[in-house]
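S.K.: here is my input, please return the structure:
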Amino acid sequence: QVQLVESGGGLVQAGGSLRLSCAASGWSFSRYAMAWFRQAPGKEREFVAAISYAGSNTNYADFVKGRFTISRDNAKNTVYLQMNSLQPEDAAIYYCAQGKVPYALTNAVNYSSWGQGTQVTVSS
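M.R.: Numbering: from 1, shown residues only. Presented below is the predicted three-dimensional model:
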C-alpha cells in the first residue's frame, strides 16, 4: 500500500524559508519520479516541482525558479522541497505525489498517489 506523509509546513514571514519533507512507503521509491504540487483556497491545484527517479533531472514551475529546490534521498525514501524567499502568494496546501514514470513531468496525470498535504502560511 502506497503511503506518502508530508511534514514541515507552518507559518513563516515573507522572505523566510521552510523545508518540506515527504516520507514514502509501499513501493519502489527509487524507480519513480516524485513531485510537489500546491493548492491555494479557491484555486486549482498547480505544479511546483518534480524530480526524476535518481534525482539527476528536475523541473520547476516558473514562479518558483531560483527560490525552491526539490531533492530526494532514495536511501531514506524521502523527497524534500526547500522553499526560500517565501511570499504571501506561496501560501497553500502542498502535496507530494508519486510518479507513474521515472521522469520529472509537470502534469498531474503522470502522478498516481498523493499525500494528505501540509499547510504553508506566509504572513506579509
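
S.K.: could you find the closest non-adjacent residue to the residue nearest the centre of the chain?
M.R.: For the chain, the residue sitting closest to the mean C-alpha position, by Cα atoms, centre = their mean, is Trp36 at 2.3 Å. Leaving aside its chain neighbours, Trp36 sits nearest to Val48 (4.3 Å; criterion: Cβ to Cβ, 6 or more residues apart in numbering). The way it works is simple: take the backbone N, C-alpha and C, and place the C-beta from them, glycine included.

S.K.: pretty sure the one you found contacts Leu81?
M.R.: Yes. At 7.1 Å, Val48 and Leu81 qualify as touching, with contact defined as Cβ atoms under 8 Å.

S.K.: Ala91 versus the residue nearest to Trp36, what's the distance?
M.R.: Distance, Val48 to Ala91, using Cβ to Cβ, to the nearest Å: 13 Å.

S.K.: ok, these two, which is more surrounded?
M.R.: Val48 (25 against 20; other Cβ atoms under 10 Å).

S.K.: can you tell me the SS state at that one?
M.R.: strand (DSSP: H, G, I helix; E, B strand; the rest coil).

S.K.: how about the contacts made by it?
M.R.: Ala35, Trp36, Phe37, Arg38, Tyr60, Ala61, Val64, Phe68, Leu81, Tyr94 (Cβ atoms under 8 Å, 6 or more residues apart in numbering).

S.K.: please repeat the previous calculation with a cut-off of 6 Å.
M.R.: By Cβ atoms under 6 Å, 6 or more residues apart in numbering, Val48 lies in contact with Trp36, Phe37, Arg38, Ala61, Val64.

S.K.: and those residues, which of them are in helices?
M.R.: The members of the contacts of Val48 all map outside helices under DSSP state H.

S.K.: tell me which two of those residues sit farthest apart.
M.R.: Phe37 and Val64 (11.6 Å; Cβ to Cβ).

S.K.: with neighbour numbers in mind, choose between the two.
M.R.: Using other Cβ under 10 Å as the criterion, Phe37 and Val64 rank with Phe37 on top: 23 against 20.
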